[in-house]
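K.L.:
Next one to model:
(one chain, ligands or ions: 1)
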Amino acid sequence: MNTIIRKQISIHPEVMDLLNKQIAMEMHASAAYLAMASWCDQRELLNSKELFYKQAEEEREHAMKFFTFINDNGGAAISPSIDSVNNDFESLKAIYEKSLDQEIAVSDSIKKIFKKARTEDDFVTEVFLQWFITEQAEEEDKFRSIIDIFDLMEGMPLKMIDERIPTE
Ligand code: FEO
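P.N.:
Below you'll find the predicted structure:
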């Protein structure tokens, strides 16, 4: 018996490829949120700064959940290279709109993997992804609510708007 292969793989190979792409997407999201945190930090937008630093950490944690899931189930997790990250933003509202777009893209990607897992009878991945489906709905809702604050407080000073933004 080959002692290098410790476990039988329980993830469908095509699903594993998608999961590895998801690791890269989550790490890119983490880097993108770090750029947003820096933009806010430089302008002393304290609530937004805190939110985006936390968000960057959370996305890394998401990437690690995928990473360990693959390896724990006998697969091969791949440490990703990260595409270039935008550090220039035209406004705080634009940052939140970009964040919502990013979360919608992540949700779509996770749903695509979920569907593939279901098609291939990859039950272990399907169950694993259920947490992410719920998490993504919450993330989208959070950014939609923040964009609503901008619409409600249109014309108010930026720091006053920032103070109304929840940091969680
Ligand atoms: Fe892990 Fe918010 O996507």
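
K.L.:
List the contacts of Met25.
P.N.:
Met25 is in contact with Ala105, Val106, Ser109, counting by CB atoms under 8 Å, 6 or more residues apart in numbering. Just so you know, the C-beta spots here come from the backbone N, C-alpha and C atoms, and that holds for glycine as well.

K.L.:
Quickly note the distance from it to Asp162.
P.N.:
Distance of Met25 to Asp162, given as CB to CB, to the nearest Å: 28 Å.

K.L.:
Repeat that for Ala137.
P.N.:
Ala137 is 25 Å from Asp162, by CB to CB.

K.L.:
Which of those two has more residues huddled nearby?
P.N.:
Neighbours were counted for Ala137 and for Asp162 using other CB atoms under 10 Å; Asp162 has more, 19 against 12.

K.L.:
pLDDT below threshold where in this protein?
P.N.:
Residues of the chain meeting the criterion pLDDT under 70: 1-7.

K.L.:
how about the residues of it that lie near the ligand?
P.N.:
Glu26, Ala29, Glu59, His62, Glu103, Val106, Glu139 (CB under 6 Å from any ligand atom).

K.L.:
In helices only, show me those.
P.N.:
Mapping the residues of the chain next to the ligand onto helices (DSSP state H) picks out Glu26, Ala29, Glu59, His62, Glu103, Val106, Glu139.

K.L.:
The fourth one: neighbouring residues, count only.
P.N.:
By that I understand His62. Neighbours of His62 under the rule other CB under 10 Å: 24.

K.L.:
Just confirm it contacts Glu26, I think it does.
P.N.:
Yes - with contact defined as CB atoms under 8 Å, His62 counts as touching Glu26 (4.5 Å).

K.L.:
can you give me the helices in the protein?
P.N.:
Under DSSP H, the chain gives helices at 13-42, 46-72, 92-119, 123-152, 158-163.

K.L.:
quick one, what contacts the closest residue in space to Met160 that isn't next to it in sequence?
P.N.:
Counting by CB to CB, 6 or more residues apart in numbering, Met153 is the residue found nearest to Met160 once chain neighbours are left out, at 7.0 Å. Listed by CB under 8 Å, 6+ apart, the contact partners of Met153 are Met160, Ile161, Arg164.

K.L.:
cool, and Ala56?
P.N.:
The contact partners of Ala56, by CB under 8 Å, 6+ apart, come to Ser30, Ala31, Tyr33, Leu34, Ala37.

K.L.:
Could you export those residues as a markdown table, including neighbour count?
P.N.:
Output for those, formatted as a markdown table (neighbours: other CB atoms under 10 Å):
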| residue | neighbour count |
| --- | --- |
| Ser30 | 20 |
| Ala31 | 18 |
| Tyr33 | 25 |
| Leu34 | 19 |
| Ala37 | 22 |
